[in-house]
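> This is a predicted model, with the sequence first.
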Amino acid sequence: MIEIKRFNSKDSDFDSNLEKLLSFENAQDDAVELTVSKILADIKQRKDAALIEYTNRFDRLSAVSGKDFELTQDHLQQSLTALPSSQRTALEQAAERVRSYHEKQLMHSWQYIDSEGTLLGQKITPLDRVGLYVPGGKASYPSSVLMNAIPAKVAGVKELIMVVPTPNGERNHMVLAAAAICRVDRVFTIGGAQAVGALTYGTETVPSVDKIVGPGNAYVAAAKRRVFGIVGIDMVAGPSEILVICDGRTNPDWIAMDLFSQAEHDELAQSILLSPDAAFLDQVMHSLNRLLTEMPRRDVIRASLENRGALIQVHDLDEACAIANRIAPEHLELSIEQPENWIDKIRHAGAIFLGRNACEALGDYCAGPNHVLPTSRTARFSSPLGVYDFQKRSSLIQVSQQGAAKLGEIASVLAMGEGLQAHALSAEYRYKN
Ligand SMILES: NC(=O)c1ccc[n+]([C@@H]2O[C@H](COP(=O)([O-])OP(=O)(O)OC[C@H]3O[C@@H](n4cnc5c(N)ncnc54)[C@H](O)[C@@H]3O)[C@@H](O)[C@H]2O)c1
Ligand SMILES: N[C@H](CO)Cc1c[nH]c[nH+]1
Ligand SMILES: [Zn+2]
């Protein structure tokens, strides 16, 4: 029997139980922080020499030079050619759908001229060089190559540098084939905090980048947090999460498998079901127990469901939406009749899956939207990875003679109010002298 928590929203201790379920602290956080700060400092100072040492140690390789980590374009093409045609076709179809979706996100430069003839605008520039972190410690994620590289390409990033660890030297052909399909420029077989350090500070072999994007484990997340400011980062994505709201009329096996689909990522992943129908929650419980025996990763799934999962009986779907907004999940499935009528009630979620057929797994691979999403309630203030993460904005200001007089007067008054005389005079020279 899976020991998954059962709550009822009308119980007096529901609020505190829910908060306890949502807040988690990794007991290893301090140790991870210490390890990561040492690795970053070492990479900054000793560059390739430190990169080789850490990679050999953590990924059990025997590199002697930084050059041993780089894969050529030929390697990538060979992986693409070696792929079974079903996998190649699936990757290409997914890539096409992800590209079409992201093309709609492109921001364009704009400008206008005001009544005094002053031109104002916003110029959009893609980033020059970006580092894509593709996780590879416990599992391989070709889909994450697509989700990171395609929006960068659509934005027009000049150079994509991908890093992916290859524990024991085992390279994943689908990951490398995905890099070939996305036309990634350079690939290095490095991972963890040392890869983040190398991309930040640069080494004799690995070039420094302007921004590092992509998910990873606790070491990668801690390293990204620490290097932010020297380079840009996308977000610090934590363990996966799924929240399902179901009216009780979807096949309980489907819902059980949707909960498993995120639980199988990680012992710290979170899977929660909300339903007003108590009998349905019982049926899902039954499905979870029956289907678990067929799952290859059942130990991870069980640990995740028992640590951080819950089946919650709510009063009605309105209350379910209010609880969903409190949780602000990475993924939200609305497995209900006419889900489109409920979209306006949802304010906080990384991705919203509408209706009984829209299982979260389709979003992970091929629906089109990005699967790198805000976790740990950060959907309250952040958004999916997108083309906008690879574009930056510069303001444009060109002032006419008439504009210099009008703006100069306003600026001069404000500058004197701030006690900054040079600012005031700089503005006044334009129309007085
Ligand atoms: N949000 C998303 O889009 C998304 C997508 C795919 C995966 N993920 C998540 O990414 C994570 C991937 O984790 P992973 O471990 O499989 O791969 P990873 O590539 O993130 O980490 C592997 C690296 O961690 C480092 N490491 C491991 N143990 C260490 C130690 N004791 N000390 C120092 N460094 C150490 C090593 O350098 C190793 O190369 C999972 O949590 C998964 O759920 C998220
Ligand atoms: N669900 C993950 C993001 O939360 C992404 C993923 C990749 N492969 C399978 N799933
Ligand atoms: Zn997933």
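Structure's in. What do you need? Ligands and ions are numbered 1, 2, ... in the order given.

> Please list the residues of the stretch 1-150 of the chain that sit near ligand 1.
Taking CB under 6 Å from any ligand atom, the part of the stretch 1-150 of the chain that reaches ligand 1 is made up of 35, 58-59, 135-139, 141, 144. Quick note: C-beta positions are derived from backbone N, CA and C, even for glycine.

> go with 8 Å
Residues of the stretch 1-150 of the chain lying near ligand 1 by CB under 8 Å from any ligand atom: 32, 35-36, 39, 54-55, 58-59, 133-139, 141, 143-144, 147.

> Just those: which are in strands?
Tyr133 (DSSP state E).

> how about the residues of the stretch 51-200 of the chain that lie near ligand 2?
Residues of the stretch 51-200 of the chain lying near ligand 2 by CB under 8 Å from any ligand atom: 141, 143-144, 147.

> Could you rerun that using 6 Å?
Residues of the stretch 51-200 of the chain lying near ligand 2 (CB under 6 Å from any ligand atom): 141, 143-144.

> Can you report how many residues neighbour the residue of the chain found nearest ligand 1?
Nearest to ligand 1, among the residues of the chain, is Gly192, at 2.2 Å (CB to the nearest ligand atom). Burial of Gly192, expressed as a neighbour count using other CB atoms under 10 Å, amounts to 27.

> who touches it in this structure?
Listed by CB atoms under 8 Å, 6 or more residues apart in numbering, the contact partners of Gly192 are 39, 54, 58-59, 137, 165, 216-217, 219-220, 223.

> Secondary structure element for the residue of the stretch 301-433 of the chain found nearest ligand 2, which one?
With CB to the nearest ligand atom, the shortest gap between the stretch 301-433 of the chain and ligand 2 falls at Asp364, namely 3.6 Å. Take DSSP states H and E as the rule and Asp364 turns out to sit in helix 360-365.

> which one of the contacts of Gly192 is nearest ligand 2?
For these, the nearest to ligand 2 is Gly216 (11.8 Å; CB to the nearest ligand atom).

> surely the closest one meets Pro135?
Yes: proximity of Gly216 to Pro135 meets the contact threshold set by CB atoms under 8 Å, at 5.0 Å.

> contacts for stretch 290-306?
Applying CB under 8 Å, 6+ apart, the contact partners of stretch 290-306 are 2-4, 253, 256-257, 259-260, 262-271, 288.

> Which of those fall in helices?
Among those, the members falling in helices (DSSP state H) are 253, 256-257, 259-260, 262-263, 288.

> ranking these by neighbours, who comes first?
Ala263 (33 neighbours).

> what secondary structure does the residue nearest to that one when sequence neighbours are not counted sit in?
Nearest residue to Ala263, sequence neighbours excluded (CB to CB, 6 or more residues apart in numbering): Ser304, at 3.8 Å. When classified by DSSP: H, G, I helix; E, B strand; the rest coil, Ser304 comes out as helix.

> can you map out the strands along the stretch 151-300 of the chain?
159-163, 186-188, 211-213, 232-233, 241-246, 270-275 (DSSP state E, counting those that start in this stretch).

> Out of the ones you listed, which is closest to Pro374?
With CB to CB as the measure, strand 241-246 is the member of the strands of the stretch 151-300 of the chain nearest Pro374 (9.7 Å).

> Now neighbour count too, for the residues of the stretch 51-200 of the chain next to ligand 2, in JSON lines please.
Listed next are those as JSON lines, based on neighbours: other CB atoms under 10 Å:
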{"residue": "Tyr141", "neighbour count": "22"}
{"residue": "Ser143", "neighbour count": "21"}
{"residue": "Ser144", "neighbour count": "23"}
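
> Helices - which of those land there?
Among these, the members falling in helices (DSSP H) are 143-144.

> and which of the residues of the stretch 51-200 of the chain next to ligand 2 is nearest Glu96?
Ser143 (13.8 Å).

> got a pLDDT number for the closest one?
If you check Ser143, the pLDDT there is 98.
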